[in-house]
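Enquirer: 3D model of this:
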Amino acid sequence: MPKAVIITGPGFQDHDIVYTYYRAKEEGWEVDIATKDGELVTGKYGITVPMDKRSLPNISFNDLAAEDAVNKYDVVILTGGHEAPDRVRQDKRVLNFVKSMDEANKVVAGLCHGPWIMVSAGVLRNKLTCAYVGLKDDVVNAGATVIEADVVTDKNIITCSYYSESGKFMKAVFSAVKSYHNGGYPAEPIIV
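Expert: Okay, here's the model as predicted:
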């Protein structure tokens, strides 16, 4: 069973977390949500994580810094909300984890402002991506090529330009994880 970790913080985009979390659970995946100290955090519109009484407690960024952390996950999902990814990308434990996931050729996926964390982790160089309009310059400056699209998958890197495309984003995540387990990613980027 694949396992995902969603990394977020205070002020997250509620739609991003709710959709990606429950959609991955619907697919039968195990899902952890990581926050700075494993604390409960609240989104822009009042949703809190953990979201329900059956949810596991949040894990902390220290858990992502553990020696075997990369081996536990198939994908890291970086959600938006402007405030949350801006806070999260300032934490070296997260940046090291995201970079290690990329180096292990595991799926690194970000939607809306989530790719800000990918920019700071240095995993976008020479990748084909899409970006939220307010993030485009940062992604270009990180060495990526940005095109107009809803979702772009370039090997293990997935970017999504806006949370209204979360359905397409999660389809790309499921497909990329399947490719990873089947021995490799498509040679050409997939543009949706």
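
Enquirer: what helix or strand is Gly110 on?
Expert: Assigned by DSSP states H and E, Gly110 belongs to strand 107-111.

Enquirer: contacts for that strand?
Expert: Contact with strand 107-111 is made by 16, 20, 74-80, 85, 98, 101-102, 116-118, 123, 156-163, 165-166, 169, 172-173, 176-177, 180, as judged by Cβ atoms under 8 Å, 6 or more residues apart in numbering. In short, each C-beta sits where N, CA and C put it, glycine included.

Enquirer: now that strand, how far from the centre of its chain.
Expert: Relative to its parent chain, strand 107-111 has a centroid offset of 4 Å by Cα atoms, centre = their mean, to the nearest Å.

Enquirer: ok, that strand: who's next to it in the sheet?
Expert: strand 75-78 (parallel), strand 157-160 (parallel) (DSSP bridges).

Enquirer: Tabulate the CA atom coordinates of the first one in PDB.
Expert: Taking Å, rounded to 0.1, in the frame of the first residue of the first chain, the C-alpha atoms of strand 75-78 are listed here in PDB:
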ATOM      1  CA  VAL A  75       5.200  10.600  -2.300                       C
ATOM      2  CA  VAL A  76       5.500  13.900  -0.600                       C
ATOM      3  CA  ILE A  77       2.600  16.300  -1.200                       C
ATOM      4  CA  LEU A  78       3.200  20.000  -0.800                       C
END
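
Enquirer: Check what contacts it and list those residues.
Expert: Contacts for strand 75-78 (Cβ under 8 Å, 6+ apart): 2, 4-7, 20, 24, 85, 88, 97-98, 101, 106-111, 114-115, 117-118, 173, 176-177.

Enquirer: and if we set it to 6 Å?
Expert: 4-7, 20, 101, 107-110, 114, 117, 177 (Cβ atoms under 6 Å, 6 or more residues apart in numbering).

Enquirer: Which of those residues sits closest to Lys44?
Expert: Distances from Lys44 to these, taken as Cβ to Cβ, are shortest for Gly114 (14.1 Å).

Enquirer: What is the burial count for the closest residue to the closest one other than its chain neighbours?
Expert: In space, and not counting its chain neighbours, Gly114 is closest to Leu78: 3.5 Å by Cβ to Cβ, 6 or more residues apart in numbering. Counted by other Cβ atoms under 10 Å, the residues lying close to Leu78 total 30.

Enquirer: Gly46 too?
Expert: For Gly46, using other Cβ under 10 Å, the count is 7.
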